[in-house]
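1. okay, structure incoming, though there's no sequence with it:
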């Protein structure tokens, strides 16, 4: 695998993870905290009041956390701002997120829309790799598999494969309707949106 292939795979996985993050943000019934102080206070409650564990989680010193909690500091560095946003978002309204995933895995499924390169056959054929815009309803069984992969801490590669398999079954194989073993490549993702 060349360096370009590795970078392309990393971009693809990042776009999939970003698609899931945006879908979960759309579920929130209340806005997440915006200021650095409010985010620090929220995350401290998630760490059971420990400023030491919060500092370790954010990769800063304990004094830095205390300065933001007291209001002495208000403008975080770019790295700290990104860490605060990401950690707050990952902890915000877990029951709402879990309920949406349960519904998707049991009855609702997911809707995945994307522009990516899909390949169905060898190079030189009409079904070779080409960019397609696809919007497809994914079955609850595939949504459950994707959820299970996320909950078990699957690697980004495993998550990419689960999403690719869901799209391939729902769009190209039509849930087993005649093209059951059709191999489908899912690469060069330009954008990906997910809806519950």
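-> Received the coordinates, thanks. Quick caveat, the model's predicted, so the values are computed rather than measured.

2. could you chop the protein up by domain?
-> Domain segmentation of the chain under automatic domain parsing yields 3-27+97-195, 36-92.

3. what's the mean pLDDT across the longest one?
-> Mean pLDDT, taken over the full extent of domain 3-27+97-195, equals 80.

4. can you point out the buried residues in the longest helix seen in the chain?
-> Criterion DSSP state H: the longest helix present in the chain is helix 3-27. Across helix 3-27, burial judged by 16 or more other CB atoms under 10 Å covers 8, 12, 13, 15, 16, 19, 20, 23, 24. Every C-beta, even on glycine, is put in place using the N, C-alpha and C of the backbone.

5. which neighbouring elements make contact with it?
-> Under the contact criterion of 3 or more CB pairs under 8 Å, 6 or more residues apart in numbering; DSSP states H and E, helix 3-27 touches helix 78-91, helix 94-103, strand 110-119, helix 156-167, strand 185-195.

6. okay if I get those as CSV plus distance to residue 65 and mean neighbour count?
-> CSV is the format used below for the helices and strands packed on helix 3-27 (distance: least, CB to CB, whole Å; neighbours: other CB atoms under 10 Å):
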stretch, distance to residue 65, mean neighbour count
helix 78-91, 10, 15
helix 94-103, 22, 14
strand 110-119, 37, 19
helix 156-167, 29, 18
strand 185-195, 33, 17
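
7. turn those into JSON lines, columns for distance to residue 68.
-> Conversion of these to JSON lines gives the following (distance: least, CB to CB, whole Å):
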{"stretch": "helix 78-91", "distance to residue 68": "9"}
{"stretch": "helix 94-103", "distance to residue 68": "23"}
{"stretch": "strand 110-119", "distance to residue 68": "37"}
{"stretch": "helix 156-167", "distance to residue 68": "31"}
{"stretch": "strand 185-195", "distance to residue 68": "33"}
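
8. wait, which of those is closest to residue 2?
-> Residue 2 lies closest to strand 185-195 among the helices and strands packed on helix 3-27, at 13.6 Å (CB to CB).

9. angle of the longest helix of the chain against strand 110-119?
-> 160 degrees (axes from the mean of the first three to the mean of the last three CA atoms, to 10 degrees).

10. which residues outside helix 3-27 are in contact with it?
-> Among residues not part of helix 3-27, those counted as contacts by CB atoms under 8 Å, 6 or more residues apart in numbering are 89, 93, 96-97, 100, 112, 114, 116, 150, 156-157, 159-160, 163, 187-196.

11. kindly report the same for stretch 30-50.
-> Residues outside stretch 30-50 that contact it (CB under 8 Å, 6+ apart) are 51, 53-54, 57-58, 65, 68-69, 71, 73-76, 80-81, 84-85, 87-89, 91-93.

12. pull out the buried positions in it.
-> For stretch 30-50, the neighbour count (16+ other CB under 10 Å) marks 33, 36, 37, 39, 40, 42, 43, 44, 46, 47 as buried.
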